[in-house]
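A.B. asks: fold the following for me, if possible:
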Amino acid sequence: MLTRRTFCLCCAQLPFAVSTSAEEVGMGCDISDGVLESTAIYNSPPKNLSKKLPEIFGSSEDATFDRALGRILAMLASDFSVTPGFGYYDDSDGANARANKLVRIASTRDGTIIFGLNMLQNALNQEGGDIAVAAICAHEFAHIYQYNYGVYEKLVTNLPLFCKELHADFCAGWFLAKLKNRRPNVRLYSAGQFFANNGNKDFFDPDSHGTSRQRVRSSEQGFKYCVRKMDSRIQECSAAGYNYLDEIFG
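C.D. replies: Purely as a prediction, here's the structure:
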């Protein structure tokens, strides 16, 4: 049983999670076009993939937390206009969260997000870690949006590769501003601290995700954009995030 304080934002059932196993798509926060075709969404793994996909678990073993996170996932699905599958996996080889275009969970579409149990524990061991979890989920939902709306190809074609990650951070900041607007008592400091102060070879690799300063700055810019335009939709946020990065790295 994971030990953690209650995820205090809200309560609902975790909407998308089953156990399954198949073949690996790739490593890291998202899956590169070198492994999956840029526009493909698979209902089952391609036969020529060589590694094992991690098994997806439907629960963190904390029912109260799972119900609460379920409501956040519902908000994310609505705000990002995507409906990916979601579950947990054993990230004992390195704390991480992943998003890819492969549809692995029944009754979902647009891809799959898996959240490592070690990353989850690391986040929740910190004060305000529940908000850090929400921020990481928002980052992964942003990748799902990138894949399904042609944004990923635009980012990796025109900008340095790590800009796809900074763009996801921008969109995560946008979502956190919406969350703050809905629940004014939410404290967001922990989200920025978690991105800035934690590092590992995948999710926080500066070569693939940008430096800590760049990541915090991008999420702050997304937050400020949403504060100015609280009624903005993800399409507008995405365009604003691209323009922000293009001015710096284009």
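A.B. asks: output the lowest mean pLDDT helix or strand found in the chain.
C.D. replies: helix 206-209 (a mean of 67; mean pLDDT, DSSP states H and E).
A.B. asks: which SSE is immediately downstream of it?
C.D. replies: On the C-terminal side of helix 206-209, the closest following helix or strand by DSSP states H and E is helix 212-228.
A.B. asks: for that following helix, name the packing helices and strands.
C.D. replies: If you count contacts as 3 or more Cβ pairs under 8 Å, 6 or more residues apart in numbering; DSSP states H and E, helix 212-228 packs onto helix 163-182, helix 189-197, helix 234-249. Yep, even glycine has a C-beta here, placed from its N, CA and C like the rest.
A.B. asks: so which residue is dead centre in the chain?
C.D. replies: For the chain, the residue nearest the mean C-alpha position is residue 140 (1.6 Å; Cα atoms, centre = their mean).
A.B. asks: list of residues touching stretch 147-161?
C.D. replies: 30, 33, 38, 41, 82, 99-101, 110-111, 143, 145-146, 163-164, 167, 208, 235, 238, 242, 245-246, 249-250 (Cβ atoms under 8 Å, 6 or more residues apart in numbering).
A.B. asks: what is the end-to-end distance of it?
C.D. replies: Start-to-end span of stretch 147-161 (Cα to Cα, to the nearest Å) is 14 Å.
A.B. asks: list the buried residues for it?
C.D. replies: If you call a residue buried by 16 or more other Cβ atoms under 10 Å, then stretch 147-161 has these buried ones: 147-149, 151-152, 154-156, 159.
A.B. asks: just put these in JSON lines and tack on distance to residue 175.
C.D. replies: Output for these, formatted as JSON lines (distance: Cβ to Cβ, whole Å):
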{"residue": "147", "distance to residue 175": "17"}
{"residue": "148", "distance to residue 175": "16"}
{"residue": "149", "distance to residue 175": "16"}
{"residue": "151", "distance to residue 175": "15"}
{"residue": "152", "distance to residue 175": "18"}
{"residue": "154", "distance to residue 175": "20"}
{"residue": "155", "distance to residue 175": "18"}
{"residue": "156", "distance to residue 175": "22"}
{"residue": "159", "distance to residue 175": "21"}
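A.B. asks: of the residues you listed, which belong to helices?
C.D. replies: Taking DSSP state H, the ones among these that sit in helices are 147-148, 151-152, 154-156.
A.B. asks: I'd like the residues you listed laid out as CSV, including distance to residue 192 and pLDDT.
C.D. replies: As requested, these are exported to CSV (distance: Cβ to Cβ, whole Å; pLDDT from 0 to 100):
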residue, distance to residue 192, pLDDT
147, 26, 97
148, 27, 97
151, 23, 98
152, 25, 97
154, 27, 97
155, 22, 97
156, 26, 94
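A.B. asks: the residue nearest to the centre of the chain contacts residue 87, correct?
C.D. replies: No. Assessed by Cβ atoms under 8 Å, residue 140 is found out of contact with residue 87, at 11.8 Å.
A.B. asks: hey, what's in contact with both of the two?
C.D. replies: Counting by Cβ under 8 Å, 6+ apart, the contacts common to residue 140 and residue 87 are 113, 115.
A.B. asks: any idea how far stretch 103-119 is from the middle of the chain?
C.D. replies: Remark: stretch 103-119 is offset 10 Å from the chain centroid, using Cα atoms, centre = their mean, to the nearest Å.
A.B. asks: what is the mean pLDDT for it?
C.D. replies: Taken as a whole, stretch 103-119 carries a mean pLDDT of 93.
A.B. asks: buried ones in that stretch?
C.D. replies: In stretch 103-119, counting by 16+ other Cβ under 10 Å, buried: 103-105, 108, 110-119.
A.B. asks: quick check: the farthest pair among the ones in helices among the buried residues of stretch 147-161?
C.D. replies: 148 and 156 (15.0 Å; Cβ to Cβ).
A.B. asks: filter the contacts of stretch 147-161 down to the buried ones, PyMOL style.
C.D. replies: Buried residues among the contacts of stretch 147-161 (16+ other Cβ under 10 Å), as a PyMOL selection:
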select buried, resi 30+41+82+99+100+101+110+111+143+145+146+163+164+167+208+238+242+245
